[in-house]
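K.L.:
predicted model, plus sequence, below.
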Amino acid sequence: MKFPHFRSNIKLFKNDKFSRDKDNKGFLNEIILESLNESEREKEQILNSLMEQISYLDLDYKIKWVNEAGLKNLPVELSISDVLGKPCYTVWYNRKTPCESCPVSTTIKTGWPWKEEIEHIDGTTKLISSQPVHDDNETLIGIIESEIDITLRKDVERALEKSQHRSRALLDAIPDMLIVFNNSGKFLDYHPGADFDLLTTDSNLEGKYLTEIMPAGLSEEIVKQSKALVNVGIKRNFEFNTRVSGENLFYDCRVIKTGTDENVCIIQDISVQKHREKDILIKSFHDSLTGLYNRSYFEEELKRLENSRHTFPVSILVVDVDGLKFTNDAFGHDFGDKLLKKVSSILASNCRKEDVIARLGGDEFAIILPGSPLIKAEILSKRILEACRTSKCDDFFARPSVSIGCATQNDDSVSLSDIIKKADENMYRMKLENRSAHLNTLTKDILSSINKYSYESEEHLTRCSTLSEKFIRTCNISNVSIENLQKLSMLHDIGKIRIPGEILSKKTPLSEIEFSEIKKHPIIGYRIIKALPDYASIANLILYHHEHWDGSGYPSGLAGKEIPLICRIFNIVEAFELITNGNIYRKARSIKDAVFELEENAGKQFDPDLVKKFIDFITKESLN
């Protein structure tokens, strides 16, 4: 019998003697003994000792021989006789056709050795190699297939690859910048930060020193810190800041020794954190409205001065804003805030950098003047008062006026707390002295601003006042204060000083929103007048001067005699005056037209009884 042989000179038997079903190993040994000489037995022993599954296949994929590693992989219910002569794909994988990407198929087609990693549906991965077997005529007569289970190795490789991907993903995700360098400060590698990169160049980095590719101050500090690291794993931290395009940038740097001649510097951009800390510090010691120091900082500064050997003298100014309550009550807290900001601006612009200016709360400020005698404190007081007096403001109610008291600590025999009390007393003294003058000035400013803000001429106001007085006197209406009627005539539309000018001057019909703004002026006027002692008695009259007899007026919808008598009289007088003299909305018309309109609206807008009396009065008046 002539056996085929491999190019590796391993000779195998032909499968022509398998008629008995015996024990696997015994049966195989029997056949081998019959077919192989001593040399071939040695080769068989070698093949059986391998961990790989080795099988010899014919060109139809049928198994002709298999080593012991292959026998161990057989299902327990199969014997050697069940597999010999059967296709390998049926025996090993229960398939009806060759496995996809099978190296044996490639070798059969090409005659070349081939190797593939095959993943099977059971989750295992096999490394399969096929080696062609030729006879003496170089004819392909069989295939030696070797198969080894590499599932564990592939799992390890996949886990390692996954770990590497995860590490890279984590590295790419972190915002920090990493620099790798040796003990001499030469660049080895780096990973840029997610949002920043401190390298000053991006080309030819290899072999360069950090001082050549990074900001000088930072690179020098990194190298300096690394030289202080003796053992692997030791680290040092420091912070670095620089200014770029006018912005302060801050970095936290951590240098770690990772090898005998390798170091890593991890750089984190902490600019946002630093700016936030600064903001928190500012907010904790600064007044949010004015930007000046707050009471907490002021008190801390007093403690610091008390506990230190500071230079005498130290002067303190206590400053109180005049009329803040009036501004808040009359015009709202937003305008009161505007007044406080104006005062704080004046204080800041007239003090030195070393002076501590603080808003203690409400309308009260205080200033610490280190090294300033009383004379300098008094000079500063006069300068602040003059700055307030001459300041220019768009709104009269934000024109600042302050009362100031000052006192000086010349030695430590008197505490700073006592100095503050004395300055506070001096401030109140000035405030009492200036109270009447301030109110008079404020009232004068308001009255002089009526024409400017209400778009009603002084002539119109005077005519209303004169006509109202005449009407009262000639028709014998009692229980009416002529003085209050005159004040109402002059100040009834004072609330319009807070209505936008574009609404007041609009000649086309007002929108619903614009008219709702107009309807606010009685309430605004009420708040203003209520805050002025000399005019507070007519506050309610101003509030109700747009109420109608039938309840259709505003702001309260009063009807009939719920409306104050003076308001009912004034409504008729003003309507007549506007009709006969005109305004920016309408042209002047005749007395006859005015009388007709009053009669038309009697019982609606106007008190019908008063309309009759007024028509009688105006008819007689026009005849004279």
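P.N.:
In hand now; what should we look at?
K.L.:
low-confidence stretches in the stretch 51-200 of the chain?
P.N.:
156-157, 160-161, 163-173 (pLDDT under 70).
K.L.:
and with 80 instead?
P.N.:
51-52, 69-80, 100, 120-123, 135-137, 150, 152-175, 194-195 (pLDDT under 80).
K.L.:
so which residues of the stretch 251-400 of the chain form helices?
P.N.:
271-285, 295-307, 324-331, 333-350, 374-390 (DSSP state H, counting those that start in this stretch).
K.L.:
show me what the longest one is packed up against.
P.N.:
Packed against helix 333-350, as judged by 3 or more Cβ pairs under 8 Å, 6 or more residues apart in numbering; DSSP states H and E, are the following elements: strand 314-321, helix 324-331, strand 356-361, strand 364-370, helix 374-390. C-beta: built from backbone N, CA, C; applies to glycine.
K.L.:
circling back: pick the most buried one from the helices of the stretch 251-400 of the chain.
P.N.:
Of all these, helix 324-331 has the most neighbours on average by mean count of other Cβ atoms under 10 Å, namely a mean of 20.
K.L.:
what does the average pLDDT come to for that helix?
P.N.:
For helix 324-331, mean pLDDT rounds to 82.
K.L.:
what comes up buried for the longest helix seen in the chain?
P.N.:
Using DSSP state H to define each element, the chain has its longest helix at helix 416-448. Residues of helix 416-448 classed as buried by neighbour count (16 or more other Cβ atoms under 10 Å): 416, 419-420, 422-424, 426-427, 430-431, 434, 438-439, 441-442, 446.
K.L.:
that older thread, can you put the helices of the stretch 251-400 of the chain in a markdown table and add distance to residue 579?
P.N.:
Formatted as a markdown table, those follow (distance: least, Cβ to Cβ, whole Å):
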| stretch | distance to residue 579 |
| --- | --- |
| helix 271-285 | 59 |
| helix 295-307 | 58 |
| helix 324-331 | 32 |
| helix 333-350 | 35 |
| helix 374-390 | 44 |
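K.L.:
nearest to residue 488, out of these?
P.N.:
helix 324-331 (17.6 Å; Cβ to Cβ).
K.L.:
and the closest one, how far out from the chain middle?
P.N.:
34 Å (Cα atoms, centre = their mean, to the nearest Å).
K.L.:
and that helix, what does it pack against?
P.N.:
helix 333-350, helix 521-530.
K.L.:
including distance to residue 125, could the ones you listed go into JSON lines?
P.N.:
Output for these, formatted as JSON lines (distance: least, Cβ to Cβ, whole Å):
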{"stretch": "helix 333-350", "distance to residue 125": "75"}
{"stretch": "helix 521-530", "distance to residue 125": "85"}
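K.L.:
before we move on, the earlier item: state the mean pLDDT of the longest helix of the chain.
P.N.:
pLDDT averaged over helix 416-448 gives 87.
K.L.:
and the angle for that helix with strand 364-370?
P.N.:
130 degrees (axes from the mean of the first three to the mean of the last three Cα atoms, to 10 degrees).
K.L.:
what's the angle between helix 416-448 and strand 356-361?
P.N.:
Going by the same axes, to 10 degrees, helix 416-448 makes 70 degrees with strand 356-361.
K.L.:
so residue 318 sits against residue 405, correct?
P.N.:
Yes - between residue 318 and residue 405 there is a contact under Cβ atoms under 8 Å: 4.8 Å.
K.L.:
shared neighbours of those two, anything?
P.N.:
Counting by Cβ atoms under 8 Å, 6 or more residues apart in numbering, the common neighbours of residue 318 and residue 405 are 423-424, 426-427.
K.L.:
would you map the strands across the protein?
P.N.:
53-57, 63-66, 114-119, 125-134, 140-149, 177-181, 187-191, 235-244, 247-259, 262-269, 314-321, 356-361, 364-370, 402-409 (DSSP state E).
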